[in-house]
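> Sequence unavailable; structure follows:
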């Protein structure tokens, strides 16, 4: 009897079931996610709108409470409730102190916080990365979890955890190389730093 009750308690949420089914039907696998409560998640390589869809489905399939930074003006009215429900976090881009300081402050206030970013910033041929994600991790003293979408292997994985060191350039080269190890949807749209490592 108690065994039946335990099974009932462990019932999988509908959203998670739907996401897991979608992944299974399309031949994709997601995870496992590292046992870390506070981190910046750097996702890539980013060459297609499908990357974001894949990330959202994987987030639901793995039931990870991951936050995405969105400009605060979108949170006005009923949309704000929905965005918060989906894990969005308001950021005031024009505010003194900027995005890095606001996000570091969020980390200092919370025991659990996972924030996802796409450091390439765009899905097409960015020559430089936006390095805010690195500065956030360094100042908040949290690791960077790499989230890699590999369209050849059909995996959305989190294979590497990097703790920012005193050598930012070495850390970045390591991240670029890991991004380059995944096959993107459109290799011709890779960002410059990843393109330099791709195919090596």
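Looks like it came in fine. Note that the coordinates shown come from a computational prediction; the quantities given were computed from them, not determined experimentally.

> Secondary structure element for residue 114, which one?
strand 113-117 (DSSP states H and E).

> ok, now residue 42?
Counting by DSSP H and E, residue 42 is found in strand 38-44.

> now for the next helix-or-strand element following that strand, which elements pack on it?
Where DSSP H and E defines the elements, the next helix or strand beyond strand 38-44 is helix 50-62. When contacts are defined as 3 or more CB pairs under 8 Å, 6 or more residues apart in numbering; DSSP states H and E, helix 50-62 packs onto helix 14-26, strand 29-30, strand 38-44, strand 144-150, strand 155-162. Any C-beta I mention is one placed from the backbone N, CA and C, and that applies to glycine too.

> Tell me how many other residues surround the residue lying closest to residue 75 once chain neighbours are set aside.
Nearest non-adjacent residue to residue 75, counting by CB to CB, 6 or more residues apart in numbering: residue 90, 4.8 Å away. Using other CB atoms under 10 Å, residue 90 has 16 neighbouring residues.

> thinking again about what came up before, looking at the helices and strands packed on helix 50-62, spot the one closest to residue 135.
With CB to CB as the criterion, residue 135 lies closest to strand 38-44 of those, at 9.7 Å.

> now that closest one: mean pLDDT?
The average pLDDT for strand 38-44 rounds to 95.

> Distance from the chain centre to it, please.
Its chain's C-alpha centre and that of strand 38-44 lie 5 Å apart, by CA atoms, centre = their mean, to the nearest Å.

> relative to strand 144-150, how tilted is that strand?
30 degrees (axes from the mean of the first three to the mean of the last three CA atoms, to 10 degrees).

> Neighbouring strands of strand 38-44 in the sheet, and parallel or not?
Applying DSSP bridges, strand 38-44 is found paired with strand 113-117 (parallel), strand 144-150 (parallel).

> In a markdown table: those strands, plus mean neighbour count, mean pLDDT and distance to residue 64.
Putting these into a markdown table (neighbours: other CB atoms under 10 Å; pLDDT from 0 to 100; distance: least, CB to CB, whole Å) gives the following:
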| stretch | mean neighbour count | mean pLDDT | distance to residue 64 |
| --- | --- | --- | --- |
| strand 113-117 | 22 | 91 | 7 |
| strand 144-150 | 23 | 97 | 10 |
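
> could those go into JSON lines alongside distance to residue 39?
Listed next are these as JSON lines, based on distance: least, CB to CB, whole Å:
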{"stretch": "strand 113-117", "distance to residue 39": "6"}
{"stretch": "strand 144-150", "distance to residue 39": "5"}
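
> To residue 198, which of those lies closest?
So among the strands paired with strand 38-44, strand 144-150 is nearest, using CB to CB, at 12.6 Å.

> which residues touch the closest one?
34, 36, 39-45, 51, 54-55, 114, 116, 133-134, 137, 155-164, 175, 178-179, 181-185 (CB atoms under 8 Å, 6 or more residues apart in numbering).
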